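Asks: Sequence first, predicted model second:
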Amino acid sequence: MGGGVQGGSTYSYAMCYWEEQHWLRTKSIHPAEFFHGMLEIVDRDTNVTVFLAEDAERPLSERVKAFLPRICANYTFIDSKDYALPGISDQYRGYLSHLVTHAVTNRIDIHIEQINCHPVDIRRYYRQLDY
């Protein structure tokens, strides 16, 4: 789940990395959508990842972050604010949030690849069959 500057990268990460490369079923949504539908299918064991950016839409992600622990025990918050960017002014951090979290997810991908014993360059169908 990610909004603002994180919206596009969250969509890309869910579709291109977790689904296509890791074969993990996933769905990307904007934090504003969480309380309109998605909320009803999340339970204690649902895997949820929330990407928090440093932009005008951050309050929406913070709202989800504050609520999620009440209903779910299997969540991860990836917040660009947790990472130092020496030499970058606070006023520009929002523009770079998606790049910071992308660096984090690149590291996560390496671990998922190892845990699942599945190299990310192996595909079942993509560029394997004519379609």
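Replies: Sure, I can see it. Quick caveat: nothing in here was measured; it's all calculated off a predicted structure. Numbering: from 1, shown residues only.
Asks: mind listing the helices for this protein?
Replies: Here the chain has its helices, by DSSP state H, at 6-12, 31-34, 58-67, 90-116.
Asks: would you list those helices in a markdown table and tack on distance to D43 and mean pLDDT?
Replies: Where you see a C-beta, it was placed from the backbone N, CA and C, and this is true even at glycine. Written out in a markdown table, the entries for these read as follows (distance: least, Cβ to Cβ, whole Å; pLDDT from 0 to 100):
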| stretch | distance to D43 | mean pLDDT |
| --- | --- | --- |
| helix 6-12 | 21 | 94 |
| helix 31-34 | 14 | 94 |
| helix 58-67 | 14 | 97 |
| helix 90-116 | 22 | 94 |
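Asks: Turn those helices into CSV, including distance to L52 and mean neighbour count.
Replies: Below are those laid out as CSV (distance: least, Cβ to Cβ, whole Å; neighbours: other Cβ atoms under 10 Å):
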stretch, distance to L52, mean neighbour count
helix 6-12, 7, 19
helix 31-34, 9, 19
helix 58-67, 5, 17
helix 90-116, 8, 15
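Asks: Distance to Y126 added to these, as a markdown table?
Replies: Formatted as a markdown table, the entries for those read as follows, by distance: least, Cβ to Cβ, whole Å:
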| stretch | distance to Y126 |
| --- | --- |
| helix 6-12 | 15 |
| helix 31-34 | 27 |
| helix 58-67 | 30 |
| helix 90-116 | 17 |
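Asks: Which one of the ones you listed lies nearest to T76?
Replies: Comparing those against T76 with Cβ to Cβ, the closest turns out to be helix 90-116 (8.8 Å).
Asks: got the contact list for stretch 67-86?
Replies: Contacts made with stretch 67-86 from outside it, assessed by Cβ atoms under 8 Å, 6 or more residues apart in numbering, are listed as 39, 42-54, 65, 93, 96-98, 100-101, 104-105.
Asks: So for that stretch, what gets flagged as buried?
Replies: The neighbour-count criterion (16 or more other Cβ atoms under 10 Å) identifies L68, Y75, F77, I78, D79, S80, L85 as the buried residues of stretch 67-86.
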